[in-house]
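Student: what's the 3D shape of this:
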Amino acid sequence: MSWDSFPLLYESYSPRVQSFSTNTKLLTTIGKTYGTSWSSLEGKEVGTGSTVEIRGTLYDENYNLLAGGREIKVYHKLGTADFALLETVKTDKNSNFLMLYKLEDEGAHRFVCDFEGDAEYNGSKGLEMTVYATSALPPYPEPGISKETLVAGAAFGVSVLILGVALVRRAHT
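Tutor: Below you'll find the predicted structure:
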């Protein structure tokens, strides 16, 4: 008996491939954090030597957060150069990522972030972000407050308080 006697076995077998991939959305921004506030630098000029934050969140197509550990590729280009991979970062447990970048050179710094996808999710790309570095401006201060600034601010605050109390007492005499 030959296999040709059973042609239906070959023709009727049709494997079904079920895809579990879901579309994703990658929302990104560029800016700077000062204390607890965020300042967007998109399209703005900053001093050469400033450090900027490239951050984002990876969602599924219904804006649900994805589990952490997904790789995001951050690309950079200066001026008319081609985009080059700057760094690969991973999302945290809340599907967020953060990368710091120091703007060493003058010019238009462009960034784009890319999630290439995995077995569970299709890839997505964030919008291109641009910040302009110029030596005509001083670098943005680094996040945090120095001890000297904190002590000077506290001393100033106490001085204003004492002056205020003295003025109130004087007004009541």
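
Student: helix, strand, or coil at the residue nearest in space to the middle of the chain?
Tutor: In the chain, the residue lying closest to the centroid (C-alpha atoms, centre = their mean) is Arg55, at 0.8 Å. Classification of Arg55 by DSSP: H, G, I helix; E, B strand; the rest coil places it in strand.

Student: what pLDDT does it get?
Tutor: pLDDT for Arg55: 91.

Student: contacting residues around the closest residue to it other than its chain neighbours?
Tutor: Setting aside the residues directly before and after it, Arg55 is nearest to Leu98 in space (C-beta to C-beta, 6 or more residues apart in numbering), at 4.6 Å. The way it works is simple: take the backbone N, C-alpha and C, and place the C-beta from them, glycine included. By C-beta atoms under 8 Å, 6 or more residues apart in numbering, the residues touching Leu98 are 53-55, 89.

Student: which residues does the residue nearest to the centre of the chain contact?
Tutor: So Arg55 contacts 28-31, 96-99 (C-beta under 8 Å, 6+ apart).

Student: now with 10 Å?
Tutor: 27-31, 33, 38, 89, 96-100, 113 (C-beta atoms under 10 Å, 6 or more residues apart in numbering).

Student: cool, Ser39 as well?
Tutor: Contacts of Ser39 by C-beta under 10 Å, 6+ apart are 31-33, 53, 140.

Student: among those, the buried ones, what's the ChimeraX command?
Tutor: Typed into ChimeraX, the line below selects the buried ones among those, using 16 or more other C-beta atoms under 10 Å:
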select :31,32,53,140
